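>>> starting from these lines, generate the structure:
(2 chains, ligands or ions: 1)
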Amino acid sequence: MTDTNTNQTWIILGASSTIAKAFTRSVAEKGAHVILAGRRMDDLKATADDAKARGASDATTVIFDARVPDTFQTIIDLANTQAGTLNCAVFVGSMPAQDAIDADPTLVDGTIADSFTGPARFLQMLAPSLIERGQGSIVGVGSVAGDRGRVGNYVYGAAKAGFATYLSGLRNALGRHGVHVLTVKPGPVDTAMTQGLGKQPFMTTADAVVQDIDKALQKKRNTLYTKWIWWPVMTIIKLIPEPIFKKMSI
Amino acid sequence: MIWAKDQSYSGWGRALRAKGDIASPDTVENLRNEGPAIGNRRSYGDAPLNSGGKAIDMTKLDRIISFDRETGLLTVQAGITLGELTRVFAPQGWMPAVVPGTGFATVGGAIAMDVHGKNHHHAGSFCQHVTAITLIQDKPRKITPKTGALWLATCGGLGQTGLIAQATLQLVRTRGDMMLVTEQRARDWDEHLSLLDTSRAPYTVGWIDATATGEDLGRGIVEEGETCKGLRPTARGTKKVPFNAPHWALSSPIVKLFNATYYRRVPKTGRTVVRTVQDFFFPLDKIHDWNKLYGKRGFHQFQCVVPLDQSEALRTIMQTIATSGLASPLAVLKRMGEGREGYLSFPMEGYTLAVDFPNRPAARALIKRLEAATLNAGGRLYLAKDALSTGPAIKSMYPDHSKWARAVAKADPEGQLQTDMTRRLDLRTPQQ
Ligand SMILES: NC(=O)c1ccc[n+]([C@@H]2O[C@H](COP(=O)([O-])OP(=O)(O)OC[C@H]3O[C@@H](n4cnc5c(N)ncnc54)[C@H](OP(=O)(O)O)[C@@H]3O)[C@@H](O)[C@H]2O)c1
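Numbers count the residues shown, from 1 in each chain, chains lettered A, B, ... in the order given. This next block holds a predicted model:
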């Protein structure tokens, strides 16, 4: 439901993310009110100014830390004061290198909290408001890395897999109340997260991902692979029998 | 800054390539002048290349920082594109005062090349509408037209005075986000020039059939436009050239056929149509990566400007091009005004001609001859397009070059911002 007007409010979790910024612009240009939630206030304020110049009916910033659930309620209270349609897009996530995690296993908890348990708890708290309004959309950004545990980043992958499963259940629960849930599974995207990695296979841009999200929202798709090529690619990778897969490093 | 190692990249022409480390910072706090800034690399040659060194991709620094709806003063980060600004602000009744032929050019790039557009004869060049620039030297530094030499060396100055991080632009009001466009046939060279000379429209450009010879030499279509409000024609999707086209795709019979058809598309009596601003200003942007049509070897664009009284010399240049059989369909003729801002700004009052050539030995040799003819006519080449010229030629075309070189030596004493272009043309050395 991004194709309209000033009656839309979007909560954007992880609003300092590169993809989130592109998404914020796209809904701002359609006149939505954006609530930018994240850790880096300076960055969020700059995004809010950008959003207003582009036509957002309003842009507010608010602290959100996926690892600190105490920050969640304020955001939900703020959203509840808005009339019209309430929507939420989740871009928060972190991807420490697997060898960093190997060296310091305590990183597992944070990785899971950033991509899975933090956002899941937030959405769980938000769900009643959406059900009450009987409309709205949730966009949850997972990753192709969640489709199969790979040697290179399986903790991040596990967090994304958990989130995808959560979203599928949430869709089941909220769909019957008129609320749409879209799971987005990007392949490599040229963003802050992939900075310094150079060109990756089928790499795409944040703007292209957002165009795909827009279309998927309009069509009320359930799961979106972006670029689309990742759908066949992951379908094949999922089919590789475990005895063979465990010897591969892809 | 985080560096992606050994990236291979090129300018729009793809004939010259570079390999080196690239950083794509997304916050200004991380920005350091460790190498030249590059944008969307819409310059054709080696202006955006730094082989074996570092380059800083500015395209993620693309925020709107502030916009005053009363005065039209807009402050942006330099990585935002002019297409984006047009898309966002035209519906709000504002436009960048000058836009080049591609919306993919960034604000930083537009400043570094002091670009011009279809309204150059009225509006002047891009930098004439810039009121402030933030440069990252060893420290950030804000400059304005009052700064003097550093300002003049920055506008059109190939990014050699510091990273252009932020700029304030004076937008102009538009009547709407549509264009009323009149197209007329020009039967030959003389008629073409006279239509350009007498045009009163805010935006005027001539499309020239670079393959027509004899009596038809110089024929084309003169396009005049003004902004208007109206119904939005249905947006056509973007097309992409997915692969390197085979080299015969732009061979001479195909180009001739294309040009003849393109010319006849406009009825003898002319016609008036409504287009979106995007379609009018950035006609080729819809075909993403059209540069790949030229295949792996890439292509060159020759663009010169000659003084008004040298139109005969330009006709001879056109004749040389037309009889060579090497030109491609995309040729543009335009009358320019005097407007220019910096020491190395391209514009001068006169006529500018831009023609594309596939990157082949015969075309390179031809371009050399065209350059010599340009120099003889007291004209100059556009550094945003150049890939083949030499230092002495360029230096004699740009009389303020030494002033530029001295200001740059002060601004970037270590030469950290040098590019393949400044080295190829030995631009950083003042003339003896
Ligand atoms: N880029 C890719 O190739 C790719 C591929 C598949 C999926 N994704 C997913 O796409 C989403 C957006 O990522 P991106 O590519 O745009 O990269 P990004 O710019 O690095 O975005 C990640 C965002 O998550 C935020 N974040 C991390 N931990 C947080 C926490 N505890 N509390 C609050 N915010 C936190 C970061 O905030 P700070 O700015 O405060 O650090 C940052 O804004 C992520 O979920 C990512 O996993 C990305």
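>>> kindly export the longest helix anywhere in chain A (C-alpha atoms) in PDB.
Assignment by DSSP state H gives helix A:154-175 as the longest helix of chain A. Extracted as PDB, the C-alpha positions of helix A:154-175 are listed here (Å, rounded to 0.1, in the frame of the first residue of the first chain):
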ATOM      1  CA  TYR A 154      25.600 -19.300   8.800                       C
ATOM      2  CA  VAL A 155      24.900 -17.400  12.000                       C
ATOM      3  CA  TYR A 156      23.600 -14.400  10.000                       C
ATOM      4  CA  GLY A 157      21.800 -16.900   7.700                       C
ATOM      5  CA  ALA A 158      20.200 -18.600  10.700                       C
ATOM      6  CA  ALA A 159      18.900 -15.200  12.000                       C
ATOM      7  CA  LYS A 160      17.400 -14.400   8.600                       C
ATOM      8  CA  ALA A 161      15.900 -17.900   8.400                       C
ATOM      9  CA  GLY A 162      14.300 -17.500  11.800                       C
ATOM     10  CA  PHE A 163      12.900 -14.100  10.800                       C
ATOM     11  CA  ALA A 164      11.500 -15.500   7.500                       C
ATOM     12  CA  THR A 165       9.700 -18.300   9.400                       C
ATOM     13  CA  TYR A 166       8.400 -15.800  11.900                       C
ATOM     14  CA  LEU A 167       7.100 -13.500   9.000                       C
ATOM     15  CA  SER A 168       5.400 -16.500   7.400                       C
ATOM     16  CA  GLY A 169       3.600 -17.200  10.600                       C
ATOM     17  CA  LEU A 170       2.800 -13.500  11.100                       C
ATOM     18  CA  ARG A 171       1.400 -13.400   7.600                       C
ATOM     19  CA  ASN A 172      -0.800 -16.300   8.400                       C
ATOM     20  CA  ALA A 173      -2.000 -14.600  11.600                       C
ATOM     21  CA  LEU A 174      -2.500 -11.000  10.200                       C
ATOM     22  CA  GLY A 175      -3.700 -11.900   6.700                       C
END
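>>> quick one: contacts of the helix or strand that that helix is followed by?
Per DSSP states H and E, the first helix or strand lying C-terminal to helix A:154-175 is strand A:180-186. By CB atoms under 8 Å, 6 or more residues apart in numbering or on different chains, the residues outside strand A:180-186 that reach it are A:1, A:19, A:136-144, A:146-147, A:164, A:167-168, A:170-171, A:174-175, A:204, A:209, A:212-213, A:216-217, A:220-226, A:230, A:234. Just so you know, the C-beta spots here come from the backbone N, C-alpha and C atoms, and that holds for glycine as well.
>>> show me where chain A has its strands.
Per DSSP state E, chain A carries strands over the ranges A:8-13, A:33-38, A:58-63, A:85-90, A:137-141, A:180-186, A:189-190, A:204-205, A:223-226.
>>> got the ones you listed as JSON lines, with mean neighbour count and mean pLDDT columns?
Shown next, in JSON lines, are those (neighbours: other CB atoms under 10 Å in any protein chain shown; pLDDT from 0 to 100):
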{"stretch": "strand A:8-13", "mean neighbour count": "27", "mean pLDDT": "98"}
{"stretch": "strand A:33-38", "mean neighbour count": "26", "mean pLDDT": "98"}
{"stretch": "strand A:58-63", "mean neighbour count": "19", "mean pLDDT": "97"}
{"stretch": "strand A:85-90", "mean neighbour count": "25", "mean pLDDT": "98"}
{"stretch": "strand A:137-141", "mean neighbour count": "25", "mean pLDDT": "98"}
{"stretch": "strand A:180-186", "mean neighbour count": "23", "mean pLDDT": "98"}
{"stretch": "strand A:189-190", "mean neighbour count": "24", "mean pLDDT": "94"}
{"stretch": "strand A:204-205", "mean neighbour count": "18", "mean pLDDT": "95"}
{"stretch": "strand A:223-226", "mean neighbour count": "21", "mean pLDDT": "98"}
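>>> in CSV, list those along with distance to residue B:368.
Output for those, formatted as CSV (distance: least, CB to CB, whole Å):
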stretch, distance to residue B:368
strand A:8-13, 55
strand A:33-38, 55
strand A:58-63, 55
strand A:85-90, 55
strand A:137-141, 53
strand A:180-186, 48
strand A:189-190, 38
strand A:204-205, 38
strand A:223-226, 47
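>>> spell out which parts of chain A neighbour the ligand.
Residues of chain A lying close to the ligand (CB under 6 Å from any ligand atom) are A:14, A:16-19, A:38-40, A:64-67, A:91-95, A:114-115, A:141, A:143, A:186, A:188-189, A:191-194.
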